[in-house]
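K.L.:
Got a sequence here, can you model it:
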Amino acid sequence: MKKMLILVLAVSVMCTVAGFAQDMSKDSGMSKDAPAAPLKNIKGTVKADGDKVTFVADKGGKSWDVVNPDALKGHEGHHVELSAHVYADKGKVHVMSVKMLKAEKMDKMDNMAK
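P.N.:
The predicted model follows:
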């Protein structure tokens, strides 16, 4: 009788632990089926309008909403190169790193646009 009680208790504990493990994987927010947004390097200009920060790409002039605007704090109006995860379907980017580009490159681009 004691062996049966111990066996039932052990099975109960294993099922409970397995249930929590499955539940935790769903709560992590990362779906194994959903593809991750690609990491790309993009050159462009940082624009700020109040709390809203956008990034305007040099190539094509596409404007992207910045998911984590604190990453671009202090770069408003600057020409930069971002390493960012690009969510093209949502029109958003998640900035991983920022690199300032030299001002002379921006001047050349302004001259080309004229």
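K.L.:
contacting residues around the residue nearest the centre of the chain?
P.N.:
Centroid check for the chain by CA atoms, centre = their mean gives H94 as the closest residue, at 3.3 Å. Remark: with contacts taken as CB atoms under 8 Å, 6 or more residues apart in numbering, H94 is in contact with 37, 66-68, 84-85, 87. The way it works is simple: take the backbone N, C-alpha and C, and place the C-beta from them, glycine included.
K.L.:
just the residues you listed now: which is nearest T45?
P.N.:
V66 (12.2 Å; CB to CB).
K.L.:
Contacts only, for the closest one.
P.N.:
53-55, 72, 92-95.
K.L.:
got any ranges where this protein has weak pLDDT?
P.N.:
18-35, 103-114 (pLDDT under 70).
K.L.:
Tell me which stretches of it form helices.
P.N.:
Here the chain has its helices, by DSSP state H, at 2-27, 103-113.
K.L.:
circling back: now distance to L101 too, for the contacts of V66, in JSON lines please.
P.N.:
Below are those laid out as JSON lines (distance: CB to CB, whole Å):
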{"residue": "V53", "distance to L101": "18"}
{"residue": "T54", "distance to L101": "18"}
{"residue": "F55", "distance to L101": "13"}
{"residue": "L72", "distance to L101": "14"}
{"residue": "K92", "distance to L101": "22"}
{"residue": "V93", "distance to L101": "17"}
{"residue": "H94", "distance to L101": "20"}
{"residue": "V95", "distance to L101": "15"}
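K.L.:
what's the closest of these to I6?
P.N.:
Checking the contacts of V66 one by one against I6 (CB to CB), the nearest turns out to be H94, at 50.4 Å.
K.L.:
which strand residues sit across from that closest one in the sheet?
P.N.:
Under the criterion DSSP bridges, H94 forms beta bridges with H85.
K.L.:
same for the longest strand anywhere in the chain, what does it pack against?
P.N.:
Looking across the chain with DSSP state E, the single longest strand is strand 39-49. Under the contact definition 3 or more CB pairs under 8 Å, 6 or more residues apart in numbering; DSSP states H and E, strand 39-49 sits against strand 52-57, strand 79-87.
K.L.:
what do you get if the cut-off is 10 Å, keeping everything else the same?
P.N.:
On a contact count with 3 or more CB pairs under 10 Å, 6 or more residues apart in numbering; DSSP states H and E, strand 39-49 meets strand 52-57, strand 63-66, strand 79-87, strand 92-100, helix 103-113.
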